[in-house]
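> I need the structure of the sequence given here:
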Amino acid sequence: MLLTSLYVPGDRPDRFAKAVASGADAVILDLEDAVAAPRKAYAREAVAEFLAGQHPVPVLVRINDLQGPEARADRAVLAGVAGAAGVKVPKVESRRVLTALAAHVRVPLHPLIESALGVEAAHAVATHPAVASIGLGEADLRSDLGVDGDEALLWARGRIVVAARAAGLPPPQMSVYPNVTDLDGLADSCAAGRRLGFLGRAAIHPRQLPVIVAAFRPAAQDVARAEALLAALADAQTRDAGTVVLPDGRFADRAMVAAARHIVELAARYATDDRAGR
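All right, here's what the predicted structure looks like:
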């Protein structure tokens, strides 16, 4: 359960170690949009060198469009190093491109859906055996659809959440929030995404990380309610009862167990991080 991922331009190796030490749950070294075309080769070299080392958090790589001119070189770099925890794959619109990539790269794939065609293919993409998560690339999707504003993306966001769940994948992380100074707007956006079923978010600056964690980390009252539900259902099971009415009037049954356990486990994970001084 990773709440935060931090993007770092692949041509800025001076930032790689800082990103790993930032408190992010994972780091994504970006070979795509954050790197200008003349610096793509340098970025690949810098990323390959960094991946050769050991790191305390997972380090993923976002490659370039598999249909573009940089794809072959990106695949060669990833096939030649063993340190990548996964590959963010942009502009995915079919399972076919993932099968071709998986033949060269032996790490989990994390497709980004960034077009109308990709949204339509979301479930097929999510069920590919090499896929470990899916997500939206919202800037590209807005451009493809010719829309602006969050309302226009509500259906696509819901589609990604449903496709991930139907494929047995973890809830998707939200796309990046591009305004690094608008922390209140980031918090509001995260709250809206949480209500839709997203879990966590990618960031483009370390200052966004604590806001994201605060938005998605279960509140104390949520943990208490989940623990009470689990305890009551465990007691009901000893009496061969399938349902129970909690002291606060909530009706609960075994269908609610998975969600309650998820809340308790996520809270415990971040409580461990707090005790470690993270």
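> When you work out contacts or count neighbours from here on, use the C-alpha atoms and nothing else.
OK.
> how much distance is there from stretch 31-50 to the middle of the chain?
Offset of stretch 31-50 from its chain centre (CA atoms, centre = their mean, to the nearest Å): 22 Å.
> Tell me the span between the first and last residue of it.
13 Å (CA to CA, to the nearest Å).
> What residues sit buried inside it?
31-32, 34-35, 40-41, 43-44, 46-48, 50 (16 or more other CA atoms under 10 Å).
> mind checking pLDDT for the residue nearest to Pro56 when sequence neighbours are not counted?
In this structure, Pro56 finds its nearest non-sequential neighbour in Val20, 7.3 Å apart by CA to CA, 6 or more residues apart in numbering. In this model, Val20 is scored at 97, pLDDT.
> Please render the buried residues of stretch 31-50 as CSV that adds pLDDT, secondary structure and distance to Arg142 to the earlier fields.
Supplementary listing: the buried residues of stretch 31-50 in CSV, determined by pLDDT from 0 to 100; DSSP: H, G, I helix; E, B strand; the rest coil; distance: CA to CA, whole Å:
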residue, pLDDT, secondary structure, distance to Arg142
Leu31, 98, coil, 21
Glu32, 97, coil, 18
Ala34, 95, coil, 18
Val35, 97, coil, 21
Lys40, 98, helix, 25
Ala41, 97, helix, 29
Ala43, 98, helix, 27
Arg44, 97, helix, 28
Ala46, 97, helix, 31
Val47, 97, helix, 29
Ala48, 96, helix, 32
Phe50, 97, helix, 33
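> can you redo those residues as a markdown table with distance to Ala202?
Below are the buried residues of stretch 31-50 laid out as a markdown table (distance: CA to CA, whole Å):
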| residue | distance to Ala202 |
| --- | --- |
| Leu31 | 16 |
| Glu32 | 15 |
| Ala34 | 14 |
| Val35 | 18 |
| Lys40 | 22 |
| Ala41 | 25 |
| Ala43 | 20 |
| Arg44 | 21 |
| Ala46 | 22 |
| Val47 | 19 |
| Ala48 | 22 |
| Phe50 | 21 |
